[in-house]
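1. how would this look folded up:
(chains A and B)
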Amino acid sequence: MLDLLAAKEPGPVYLTVERVTKKFGTFAALHEVSLTIGEGEFVSFLGPSGCGKTTLLRAIAGLDPATTGRITQAGRDITALPPSERDFGIVFQSYALFPNLTVTENIGYGLRGPDWPRDKARARVAELIATVGLEEHAKKYPSQLSGGQQQRVALARALANRPGLLLLDEPLSALDAIVRQRLRTEIRAVQKALGVTTIMVTHDQEEALSISDRIVVMSQGRIEQIGTPEEVYRTPASAFVASFVGRAGSFEATVEPEGMLRAGNMSIGSDAVASLTPGAAARAFIRPEDVKLGAEAEAYPGAFMAIVGGIEFLGPFCRVHLLVEGVTLEADVPSEKMRALHLDSTARVLVAVPANRVMAYPHV
Amino acid sequence: MALPALAVRPRAGTDQRLMQGALLLAAAFLAVFLALPLGWLLVRAFQDADGAFVGLANFAAYVTTPSLAVSAWNSLWVASLTTALVVPLAFCFAYALTRSRIPGKPVFRAVMLLPVLAPSLLPALALIYLFGNQGMLRDLLLGHSIYGPIGIVIAQVFYCFPHAALILSVALAGADGRLYEAAAALKAGRGRMFTTITLPSATYGLVSASVVVFTLVVTDFGIPKVIGGQFPVLATEVYKQVVGQQNFNMGAVVGIVLLLPAIAAFMLERWAQGRQAGVLSGRSVPYEPKPRLARDLPLLLLCLGVAAALLAVVGTAAWGSFIRFWPYNLAFTWANYDFGRFDSAGWDSLLLSARFAGLTALCGTAIVFLVAYVLERGVKTGALPPLVRFAATMPLAVPGLVLGLSYILFFNEPSNPLGFLYGTLAILVLNSLVHFYTVCHLTAVTAIRQLDPEFESASASLKVPVWITFWRVTLPICLPAILEIFVYLFVNAMTTVSAVIFLYGPDTKPASIAVVHMDEAGQSSAAAAMACTILAVNVALKLVHVGMGGAIDRWTQGWRRR
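-> Numbers count the residues shown, from 1 in each chain, chains lettered A, B, ... in the order given. Next up is the predicted model:
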């Protein structure tokens, strides 16, 4: 358990963001945001739309400079620099591929000047085209490519002059689900192979959980939590993170002494209560996979009876909707275990939740 | 962590400084060549001939001068009548082009544009051939004279028709087929579909077309000059005051009066535009009309009639220009094209016009496109961008005659350091460029807005200067729009009369002005001949444009093919 939660040893600090605020007129899109990113790390900014994640990315890129605060990259203060004097490559949500240039021309677009003599640039483009597997499409225009191929061109173009920092602004949101899953593993593989420090903005929590070293969860211009995917999923720092990352049934409850939560007539043990004041109102979250049913529940103290409100068949598992004393819970049960349970709608079933899996936060 | 929250002062990159500089230049250009002259016009209206402030005395004199008040009334009703005639006709024509299955649509479209390529005087000259004192069909007027309101209205109908038809065919072109299917599924009849779907979606087009026609008529100088006879209108009155009587202050007053309907029309259009909801969404299905004889046959007959009338007018002028002595000796002759006999400048005025139009198109296209680009893609904060944006749309509300008048007042002012421009080709070019600015600006903005807004960001992240991306990406993609702007400016500079009538010098008399002068001198055949050469140059350019279109598309737009 412990080594699952432990953060991977991060590299030396590469990027620091110190108390960055961004205002558009009187509207503050970012409030005093601070974070550090280690060299070679893959960090995702995760949050609902309008939470400030893209604003933070654009402040780091210099496309919309911060109003106050400080950003340093590789020891250099870049807060006020124009984008052209910073060291990053970026993939935009729209890709912003130049439609009148071929794949080769797009990828080689930034390879100019004394650092890139013609032969060297040509070799680099060929190398990149091979890396992203577009050899057959080198002469095509972007409109002749599929969405996934366009995305690869954008990635290759962003990496062309070996930037120290790769910024991905919702890079997969324009693609369909299957392509998206394949490409996110590809992006991660390329990133690991090159060791380039990467920031990805996304609103898709599954995407963030699957490929990030660390996740920065944001809401309303503030950072809610920074942590590894396991930390963010298992020990959410706030009610917002608990509800936004992963699936969780939630209910309002009152904090009782001795580690108990009461909702209506139901009492349930929760380790998280230790940090809350007895008598205070709280919001509790329980992930469906943590709910034990039937024989399995008997092993836990404080098991209680619930009525089955409905069952959804979701392939590898079933989602059982449970009604307990006016509170609704969800339980995910592997399909083969379902058969042993003999459940149907309106059946009564024994339910238990391990106390260390009941998340509780002060009610606001 | 007691870091003080110091405000970040973003350092502008080379790109941004360049854009900012270009924006400043644009602002300076529009200030000197649009805002200041118009401001000076306003000032002069409140001064006497010696430059002393006289308050509203000039306006009082204007209202009490019967001839001037009459001319305002005349302009108003002639413009209203023309609008009432042109807009329904143009609507039917545009409807036929967009919502029917009549054959020969491209031909009708081409014929429709013919009057745009000719000076406004051409239809007036043709009418004189047909219905004038020696006209072949003058008996059809039942004793009325073509010289006066009748002639003005008919000539204006011809001149304004393509402008209205163009706007309306654009308005009618974008129809959502699903709306009609839904209406049919709800058992709506054709009349109901027309009044509940077609008309509402074309409302803005109708308002816009009416506004354009009304403004064109009120501010056109050529037609009333040639065929107006003793019938005074505002446009000819301002010319009389300034050129005839050298009364610049009264000219300024009439100029401001001329500005009023144009500004009112401009506001009306803005208002209508604001009320027009987006008709087409990304998921619209284009409307495909099905053949229906009861609709297509009358529309075809109408189109044939309109096309015949347009061709007849242009044809009459062309025919008349080859006639020895209308209508008594109909023998063919080239003599009317020997312009040297009628006007000392001779063919040189056509060469000058071509140079003038070429320069206007060349400089204008460059300036318009760069300014639009900087406005769309440069820094958007600060007071300057909205000011420049507003200034760029202002010329649409300023009649050419008023702009020309304000130029003569402003640049002829002895204390103006830019006075050396007066009487040069440069002032003609600058004036026309500003006069036709807005339509070009909107074309450029539309084209630039179709590009991904992140192109500049992407190129900055790749450390490629913005001008390289402008050259390699923006320009090639926008080339069709750029050519469009070029041709528009050239054609308009070739045909314009009202803007340059105050500004040409002895060595810089354009062909369109020569037409006016030859007509004034009673040499209407030579005037028709000159008008026809202008038309020929414009038609030739348009043909080159269309012909080149294919090659340019293959060259720069190959990426559009899937």
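
2. near chain A, which residues of the stretch 251-400 of chain B?
-> By C-beta under 8 Å from any C-beta of the partner chain, no part of the stretch 251-400 of chain B sits against chain A. Where you see a C-beta, it was placed from the backbone N, CA and C, and this is true even at glycine.

3. Assign a three-state SS to whatever residue of the stretch 251-400 of chain B ends up closest to chain A, would you?
-> Distances from the stretch 251-400 of chain B to chain A, computed as C-beta to the nearest C-beta, single out B:Thr381 as the nearest residue at 9.9 Å. Counting by DSSP: H, G, I helix; E, B strand; the rest coil, the backbone at B:Thr381 sits in coil.

4. May I have the phi/psi pair for it?
-> For B:Thr381, the backbone dihedrals are phi -90, psi 160 (criterion: degrees, to the nearest 10).

5. Do you know the pLDDT at it?
-> The score at B:Thr381 is 79. That number is its pLDDT.

6. And B:Gly21, by the same measure?
-> 92.

7. buried ones in the helix or strand containing it?
-> B:Gly21 is part of helix B:14-30 when elements are defined by DSSP states H and E. By 16 or more other C-beta atoms under 10 Å in any protein chain shown, the buried positions in helix B:14-30 come out as B:15-16, B:18-20, B:22-23, B:26-27, B:29-30.

8. measure stretch B:128-135 end to end?
-> This stretch, stretch B:128-135, spans 7 Å end to end (C-alpha to C-alpha, to the nearest Å).

9. list the contacts for residue 221?
-> By default, I'm working from chain A. Contact criterion C-beta atoms under 8 Å, 6 or more residues apart in numbering or on different chains gives A:28-31, A:33, A:51-52, A:55 as the residues in contact with A:Gly221.

10. let's do chain B instead
-> Residues touching B:Phe221, when contacts are defined by C-beta under 8 Å, 6+ apart, comprise B:235-236, B:239, B:400-401, B:497-498, B:501.

11. Same question for B:Gly549.
-> Contact partners of B:Gly549, counting by C-beta under 8 Å, 6+ apart, are B:480, B:483.

12. Over to the one 4 residues further on?
-> Counting by C-beta under 8 Å, 6+ apart, B:Asp553 makes contact with B:Pro480.

13. Also B:Ser100?
-> B:289, B:292, B:295-296, B:299-300.

14. Could you tell me the backbone phi and psi angles at the closest residue to A:Ala239 other than its chain neighbours?
-> Leaving aside its sequence neighbours, A:Ala239 sits nearest to A:Tyr361 (C-beta to C-beta, 6 or more residues apart in numbering or on different chains; 4.1 Å). Torsion angles at A:Tyr361 (phi, psi; degrees, to the nearest 10) stand at phi -140, psi 150.

15. partners of A:Tyr361 in the sheet?
-> Following DSSP bridges, A:Tyr361 is listed with bridge partners A:Arg283.

16. buried sites along the helix or strand following the helix holding B:Gly21?
-> Following the chain from helix B:14-30 toward its C-terminal end, the next helix or strand by DSSP H and E is helix B:36-45. Burial within helix B:36-45, assessed by neighbour count using 16+ other C-beta under 10 Å, is assigned to B:36-38, B:40-41, B:44-45.

17. Need the per-residue pLDDT for A:Thr104.
-> Residue-level confidence at A:Thr104 comes out at 95, pLDDT.

18. Quickly check: the helix holding B:Gly21 near chain A or not.
-> Yes: Helix B:14-30 lies within reach of chain A by C-beta under 8 Å from any C-beta, at B:14-16.

19. In the stretch 101-250 of chain A, which residue sits closest to chain B?
-> A:Gly110 (2.9 Å).

20. now the strands for the stretch 251-400 of chain B?
-> Using DSSP state E, counting those that start in this stretch, the strands assigned to the stretch 251-400 of chain B run over residues B:323-325, B:329-332.

21. could you dump those strands to a markdown table with mean neighbour count and mean pLDDT?
-> Below are those laid out as a markdown table (neighbours: other C-beta atoms under 10 Å in any protein chain shown; pLDDT from 0 to 100):
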| stretch | mean neighbour count | mean pLDDT |
| --- | --- | --- |
| strand B:323-325 | 15 | 75 |
| strand B:329-332 | 10 | 76 |
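
22. And the ones you listed: which comes nearest B:Arg178?
-> With distances scored as C-beta to C-beta, the stretch of the strands of the stretch 251-400 of chain B nearest to B:Arg178 is strand B:323-325 (56.1 Å).

23. hang on, the earlier thing: which one of the contacts of B:Phe221 sits closest to chain A?
-> Closest to chain A, out of all of the contacts of B:Phe221 and judged by C-beta to the nearest C-beta, is B:Gly400, at 37.1 Å.

24. Now do B:Tyr180 against B:Asp48, distance only.
-> According to C-beta to C-beta, to the nearest Å, B:Tyr180 stands 63 Å off from B:Asp48.

25. quick check, A:Arg247 in a strand?
-> No: the assignment for A:Arg247 by three-state DSSP gives coil, which leaves it out of any strand.

26. ok so, going back, tally of neighbours for the residue nearest to A:Ala239?
-> Residues near A:Tyr361, counting by other C-beta atoms under 10 Å in any protein chain shown, number 21.

27. hang on, B:Thr196 in a strand?
-> No: secondary structure assignment (three-state DSSP) places B:Thr196 in helix, not in a strand.

28. Please enumerate the helices of chain A.
-> The residue ranges that make up the helices of chain A, judged by DSSP state H, are A:2-5, A:53-61, A:103-107, A:118-131, A:147-159, A:177-194, A:205-211, A:229-234, A:239-244, A:295-298, A:335-341.

29. Nearest to B:Ala7, out of those?
-> helix A:53-61 (13.8 Å).

30. Show residues contacting stretch B:389-403.
-> Outside stretch B:389-403, the residues within contact range by C-beta under 8 Å, 6+ apart are B:27, B:30-31, B:34-35, B:37-38, B:41, B:215, B:218-219, B:221, B:235, B:238-239, B:255-256, B:258-259, B:262-263, B:265-266, B:371-372, B:375, B:431, B:434-439, B:441-442, B:496, B:498-499, B:501-502.

31. which regions of the stretch 251-400 of chain B lie under the pLDDT threshold?
-> Filtered on pLDDT under 70, the stretch 251-400 of chain B yields the residue ranges B:274-286, B:326.

32. wait, I meant chain A
-> The low-confidence ranges in chain A, as defined by pLDDT under 70, are A:1-10.

33. most centrally placed residue in it?
-> To find the centre residue of chain A, average its C-alpha atoms and take the closest one (C-alpha atoms, centre = their mean): that gives A:Ala208, at 2.8 Å.

34. what does chain B give?
-> When C-alpha atoms, centre = their mean is applied to chain B, the residue found nearest the centroid is B:Phe436 (6.2 Å).

35. so which helix or strand takes in the nearest residue to that residue once chain neighbours are set aside?
-> Ranked by C-beta to C-beta, 6+ apart and with sequence neighbours excluded, the top spatial neighbour of B:Phe436 is B:Asn492, at 4.9 Å. When secondary structure is defined using DSSP H and E, the element that contains B:Asn492 is helix B:475-495.

36. for chain B, what are the nearby residues on the stretch 1-150 of chain A?
-> Along the stretch 1-150 of chain A, the residues adjacent to chain B under the rule C-beta under 8 Å from any C-beta are A:18-19, A:21, A:32, A:61-63, A:65-70, A:79-85, A:88-90, A:92, A:94, A:96, A:98-101, A:109-110, A:112-113, A:141-144.
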